[in-house]
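Undergrad: need a 3D model of the sequence below.
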Amino acid sequence: MESSTRPRKRKKAPACPPIGALMRYGERTVRVIAEASGQRVIIESVDEEGRTFRSAVKWISLTALHDQLF
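TA: Model prediction:
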């Protein structure tokens with residue numbers, strides 16, 4: 001019996017957004033600070049009072065900014 005070897009198809013691993021990139025998280029514009037475990041990144045954003053805060057979110061939740069920032 002011959003064993004046929006088929007090339008395995010691998011899922012393309014999602015790419016982590018570059019550190020320092022400006023991205024959209026929901027309605028907010030955020031900056032990527034660091035890569036975390038489990039396909040998550042640490043983001044920094046500013047609230048309505050001007051306070052900055054950091055949180056961990058999944059890569060899939062971030063979208064690229066379009067031509068316009070505001």
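Undergrad: which stretches of this structure aren't confidently modelled?
TA: 1-4, 10-14, 68-70 (pLDDT under 70).
Undergrad: so where do the strands sit in it?
TA: For the chain, strands defined by DSSP state E occupy the ranges 22-25, 28-36, 40-46, 52-58, 62-64.
Undergrad: which other helices and strands does the second one contact?
TA: Think strand 28-36. Here strand 28-36 touches strand 22-25, strand 40-46, going by 3 or more C-beta pairs under 8 Å, 6 or more residues apart in numbering; DSSP states H and E. Placement of C-beta: from N, CA and C, glycine included.
Undergrad: ok, residues contacting that strand?
TA: 16-24, 41-45, 54, 56, 62, 65, 69-70 (C-beta atoms under 8 Å, 6 or more residues apart in numbering).
Undergrad: now swap in the fourth one and tell me
TA: Strand 52-58 has contacts (C-beta under 8 Å, 6+ apart) with 25, 33, 36, 38-47.
Undergrad: switch the cut-off to 6 Å
TA: With contacts defined as C-beta atoms under 6 Å, 6 or more residues apart in numbering, strand 52-58 is touched by 36, 39-40, 42-44, 46.
Undergrad: distance to Pro7 and mean neighbour count added to the strands of the chain, as JSON lines?
TA: Listed next are those as JSON lines, based on distance: least, C-beta to C-beta, whole Å; neighbours: other C-beta atoms under 10 Å:
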{"stretch": "strand 22-25", "distance to Pro7": "34", "mean neighbour count": "16"}
{"stretch": "strand 28-36", "distance to Pro7": "30", "mean neighbour count": "16"}
{"stretch": "strand 40-46", "distance to Pro7": "31", "mean neighbour count": "17"}
{"stretch": "strand 52-58", "distance to Pro7": "30", "mean neighbour count": "12"}
{"stretch": "strand 62-64", "distance to Pro7": "32", "mean neighbour count": "13"}
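Undergrad: would CSV of these with distance to Arg6 be doable?
TA: Formatted as CSV, the strands of the chain follow (distance: least, C-beta to C-beta, whole Å):
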stretch, distance to Arg6
strand 22-25, 38
strand 28-36, 34
strand 40-46, 34
strand 52-58, 32
strand 62-64, 35
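Undergrad: appreciated, that's everything.
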